[in-house]
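Colleague: quick one: sequence and predicted model below, then my questions.
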Amino acid sequence: MKKILALTLACTMVVGAAAPVAAEGSDKLALNVIISQYGDHTQEWWPTFESKFEEANPDIDLNIEIVSWNDLYTVVNTRISTNQAPDILNIDTFADYVADDLLMPAEDYTSEELKAKILPSFWNANEIDGTVWALPILASARALFYNKDILEAAGAEVPTTWDEVLDACEKIKAYDENIVPWSLDISTDEGQAAFSYYTWNNGGGFTDADGNWALNSAANVEAVNFMKTLIDSGYCTADPYTETRYPQQDAFAAGSLAMMLGPCNLYDIAAGVNFGVAPMPTNGDNESVQMGVCDRLMAFRNDEAPDQEARTAAISKFFDAFYDAETYSEYMVFEGFLPVTTDSGEILAASADKYTKGDGSANGDSEYFATFCDMLASCNFYPASKPEWNDVKQGVINAEQQICQGADAQETLDLLQEDILTLQEENEAAAEEEAAAEE
Amino acid sequence: MKKHSLLKKAEPYVWLLPSMLLMAVMILVPIVTVFQLSMSQITRAGVIKGYNDFENFKAVFRSPTFWHTLKNTLVWTVTVVGFSTLIGFVIAMVLNQEFVGRKIVRAIVVFPWATSLIIQSVIWKYSINADYGSLNVILQKLGVIEKYINWTPTAQAHFAWECWIGIFVTVPFVTFCVLSGLQSIDTAYYEAADIDGASFWQKLGRITLPLLKPSLTVSTVLNIIYVFNSFPIIWTMTKGDPADRTHTLATYLYKLSFYNGKSGQAAAVSVIGFVILCICSSIYMILSLRAEKEEQ
Amino acid sequence: MTSRKRKKLIQKICLYLFVLVVCVIILYPYFVMFTTAAKDRDEMYALNMTILPLEWKWSNFIEIWSAAPVFRYFLNSIIIAGGATLLAILCGIPAAYAMSRMQFKGKSIFLGLVIMSQMFAPVVLLVGIYKLMTTLKLVNSLLGLILLNAAFNQAFAIWLLRGTFLSISPEMEQAAKIDGCGRIGSLVRVLLPMAAPGVVTTLIFVFINSWNEYTMALTLMSTDTLKPITVGINVFYGFNMIQWQYLFATSLFATVPVIILFLCIEKHLAAGLTAGGVKG
């Protein structure tokens, strides 16, 4: 009996120790925020922001949770299906949440001053049916990064066209076959980015000039076939299907990868090599198109919140504090990304050098930031505000993988286009039904 | 008196109660939820909209990827369970011999079992990478290969590696199950067989295998269930890519749910997997019951 | 005579060769894990890679503790695995006892249910589990994972314990009963001490399973300081850069204690495993 007692006691103790620290009965307004992890520094920066914010707003209890991109969708989806959506979420998509009527219109919580300083193109990019549903948190531009030393040693020029890419790869391969000349990532992680790089620079893309889905255009077929050529000639990193961009960035930083289409925050990671940045190579005479990526911050509705007004006010305060020029600039330097507000864009382009990172190691580089901020104006973005975007994203990744494994490009993309159009019809029919029901 | 016997009848159930309660709440409730979800329409963002006339199951059955995944699951289960049983059996036979260093080898064989699947998979994924993986480096330094080899050029190659890791981590379990069976066999049988001049294969077929049947059955049944539902290896290695050619049901439903935003279909796949396992185990139950009757 | 001797010798050589190959293959991933853990970050993708680190960077093994709350992850793992083991065994012993020592209606149904519970892997039930945990307010709590791990290990615990109990003759307990011990008394004083090896095996088994559990912890624990080690090491595998050296160094720390535990029960491992099936 004693043993059982002892066991029970031990068990209670473990369970007791494991019980969550219950939120003490305060009347503070709790704001749950999910922030996605952009890099090593994300974890350092936000806790400081949290404590500063709570100091300035003692009536708000800010809970910031940093979630890695790997787990982000899992966490968010399970939360939503169990009615535990966060108050504020940082993620890339938003159309699905709008379709389910989960978000608050951005006008509800965005102050006039804030709205005035967000770059108009970014503000408008989050519009669906005339309402803006999210705020841009940061932008990133992608361009061609090349290792100057390797290209020089191999006697290769910086490529501007696809033919020159193949030529440069050949020369690098001949110079040192242990160096990987080019990288390609068509993994589930971010395969849609590769689709953009190559189709846009071949005059194609996700949509046609009128904004309708045009996934099976001749330009797209040619572009995906070019990816296959790159893989088949052995110029790329060996495993484009499952290897994400991150090991490739590390390889570029270590000097074992010569060229890659990468994001602007690569400058921090690749500080150790002598690298240059150039516009993305295009096919023939097509104009070079850079890719911009924009992630978002959005506020979820919470119809059960007792005091809606206070909640909205707290959300506004959060955004005002975050987009404050100094705070926001500091965060951009921390992550190595580009600002989406006018005032901090100016600060960064002029004086990014004065910001240091958490570990004090790297400084912002004003000139570098200025180049990319300029680039941002002419970038193309994903059509993320279209309700079919997520299916298109998964669809093109799957199509790329099939084609590079040997499937016929035209057939595969035709099938995808057909699927997406069917889906679009269904979505529209459902929307009409709902509208009719409301009337 | 009556009250007393009632109490006595109820007693076993009282003993079972804590265990039953735990399983009912933590396992049965989620199972019911999954059945419910499999028949509901769920939006991409995860909002549940109600019953939808088996539309999830219809959509799953229409998808060619599902059928390919089903085939993969079968290949995966049979290959991993089959090969690890075979290899585990051989290793157990060897470990049952007397030789110098046997204890150390037995200890080493335990390693893969004690390591978490996620860690195992990450190591192998890193190791077989063609550009920087250590397998190429080691083979090159040893002079086995001249140039780095791309170990995973096709979907089949990816899948083969996944099966290999599956086998790698399953072998120890089989080895120890068989080993325990071997150790419980009375040596007198073998001595008698030796006197009769029986060959190694005769002893294996007539004595060892029949007496090992219970141990092998246990390990095979448990392994089928575990391997069928295994998730971390394939998810870490490929996430089912390239082009969804390396999925098994467990990873397929995870991708459907959390990447493709089709939680309803994912729940349907769970239910289908459950039904398959149920059918398999009922067949097993019926067969073993019949065998028992025959023995009697 | 000599030919027979030679045959014996060849057999011996083959045996050692086989054992050697098996050991090399099994130890290979651990070799990779160890050497990579001791490499400098710059060496990971370097052009001319070496098998062993150019310079053994032992500091990696120290740096991990400050690079992430690794200590906290370990503590969480210990609490989760320890709690789940205690709970699983406390619920499992009475159930296994009833299954092995009592006759009652529905015994086979219960056994069937136990096996059924194994057919749904946690990954299959993820959404259901998450919903349940939300209802119970146990999302992001160690207690939630303790309960789940205990439940998902019930089948195995009952299976192992029942086998152990069945292999022990009930005579001693009957004698104890005559001496005036109740059922609980005879279980605790007579059966459990005799079944100690089996109980310990079960304990360690459940502990290891819970320690290595990944999927449920991944979805349920989002607060960094509550993550167990299997999920926690993802910080080194995160966005933007993969810190292979830290990842593997931490993995080593997570693996070694489990291997040691396993070696402790290695002797009983085999016997405990099949007892359930053999005597069933």
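Modeller: Thanks, I have it. All values reported here derive from a predicted model rather than from experimental measurement. Numbers count the residues shown, from 1 in each chain, chains lettered A, B, ... in the order given.
Colleague: from now on I want contacts and neighbour counts done on CA atoms only, so please keep to that.
Modeller: Fine.
Colleague: give the contact list for the most centrally placed residue in chain B.
Modeller: Centroid-nearest residue in chain B: residue B:227, 1.6 Å away (criterion: Cα atoms, centre = their mean). Counting by Cα atoms under 8 Å, 6 or more residues apart in numbering or on different chains, residue B:227 makes contact with B:76, B:77, B:80, B:81, B:166.
Colleague: the last one: which element?
Modeller: Applying DSSP states H and E as the criterion places residue B:166 in helix B:155-183.
Colleague: residues from chain A in reach of chain B?
Modeller: Within chain A, the positions near chain B by Cα under 8 Å from any Cα of the partner chain are A:73-74, A:77-78, A:80-81, A:96-97, A:100, A:180, A:187-188, A:237-239, A:241-242, A:390-391, A:394, A:397-399, A:401-402, A:405.
Colleague: now restrict those to buried residues only.
Modeller: For the residues of chain A next to chain B, a burial check counting by 16 or more other Cα atoms under 10 Å in any protein chain shown picks out A:73-74, A:77-78, A:80-81, A:96-97, A:180, A:187-188, A:237-239, A:241-242, A:390-391, A:394, A:397-399, A:401-402, A:405.
Colleague: which members of those additionally contact chain C?
Modeller: Applying Cα under 8 Å from any Cα to these, those adjacent to chain C are A:74, A:78.
Colleague: sorry, back to before: ok, and does the helix holding residue B:166 reach over to chain C?
Modeller: Yes. Interface with chain C: helix B:155-183 contributes B:168, B:176, B:177, B:178, B:179, B:180, B:181 (Cα under 8 Å from any Cα).
Colleague: as TSV, those residues with pLDDT, neighbour count and distance to residue C:139 would be great.
Modeller: Formatted as TSV, these follow (pLDDT from 0 to 100; neighbours: other Cα atoms under 10 Å in any protein chain shown; distance: Cα to Cα, whole Å):
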residue	pLDDT	neighbour count	distance to residue C:139
B:168	92	20	34
B:176	83	30	37
B:177	82	30	37
B:178	85	32	40
B:179	84	25	42
B:180	79	24	41
B:181	81	25	43
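Colleague: you'd agree residue A:254 is up against residue A:273?
Modeller: Yes. With contact defined as Cα atoms under 8 Å, residue A:254 reaches residue A:273; the gap is 7.2 Å.
Colleague: okay, these two: which has more neighbours?
Modeller: residue A:254 (22 against 16; other Cα atoms under 10 Å in any protein chain shown).
Colleague: next one: phi and psi at the closest residue to chain B within the stretch 51-200 of chain A?
Modeller: Chain B sits closest to residue A:81 of the stretch 51-200 of chain A, with a gap of 4.5 Å, by Cα to the nearest Cα. Taking degrees, to the nearest 10, you get phi -70, psi -10 for the backbone angles of residue A:81.
Colleague: doesn't residue B:44 make contact with it?
Modeller: No. With contact defined as Cα under 8 Å, residue A:81 and residue B:44 do not form a contacting pair (9.9 Å).
Colleague: so of the buried ones among the residues of chain A next to chain B, which ones are in helices?
Modeller: Residues of these located in helices (DSSP state H): A:73-74, A:77-78, A:80-81, A:96-97, A:390-391, A:394, A:397-399, A:401-402.
Colleague: what's the model's confidence in stretch B:220-232, averaged?
Modeller: Throughout stretch B:220-232, pLDDT has a mean value of 84.
Colleague: so what's residue B:79 closest to, chain neighbours aside?
Modeller: Distance criterion Cα to Cα, 6 or more residues apart in numbering or on different chains; nearest residue to residue B:79, sequence neighbours excluded, is residue B:163 at 7.0 Å.
Colleague: go on, residue A:165?
Modeller: Closest to residue A:165 by Cα to Cα, 6+ apart is residue A:159, at 5.2 Å.
Colleague: from the contact counts, what lies against the biggest strand by length in chain A?
Modeller: Longest strand in chain A by number of residues (criterion: DSSP state E): strand A:135-147. Contact here means 3 or more Cα pairs under 8 Å, 6 or more residues apart in numbering or on different chains; DSSP states H and E; on that basis strand A:135-147 packs against helix A:120-124, strand A:259-263, strand A:275-278, strand A:291-299, helix A:366-376.
Colleague: alpha carbons only: can I get that strand in CSV?
Modeller: Provided in CSV are the C-alpha atoms of strand A:135-147 (Å, rounded to 0.1, in the frame of the first residue of the first chain):
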residue,chain,number,x,y,z
LEU,A,135,-1.3,45.0,-43.8
PRO,A,136,2.1,44.2,-45.4
ILE,A,137,4.6,43.4,-42.7
LEU,A,138,7.7,43.3,-44.8
ALA,A,139,8.9,42.8,-48.3
SER,A,140,11.7,41.0,-49.9
ALA,A,141,13.1,41.2,-53.4
ARG,A,142,14.7,38.3,-55.2
ALA,A,143,17.6,38.7,-57.6
LEU,A,144,20.5,36.9,-59.0
PHE,A,145,23.4,36.5,-56.5
TYR,A,146,26.7,35.4,-58.0
ASN,A,147,30.1,34.6,-56.5
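Colleague: buried residues in the helix or strand following it, which are they?
Modeller: For strand A:135-147, the following helix or strand on the C-terminal side (DSSP H and E) is helix A:148-154. By neighbour count with 16+ other Cα under 10 Å, helix A:148-154 contains the buried residues A:148, A:150, A:151, A:154.
Colleague: repeat for stretch B:262-276
Modeller: B:262-274.
Colleague: near chain C at all, it?
Modeller: Yes. Against chain C, stretch B:262-276 shows contacts by Cα under 8 Å from any Cα at B:267, B:270, B:274.
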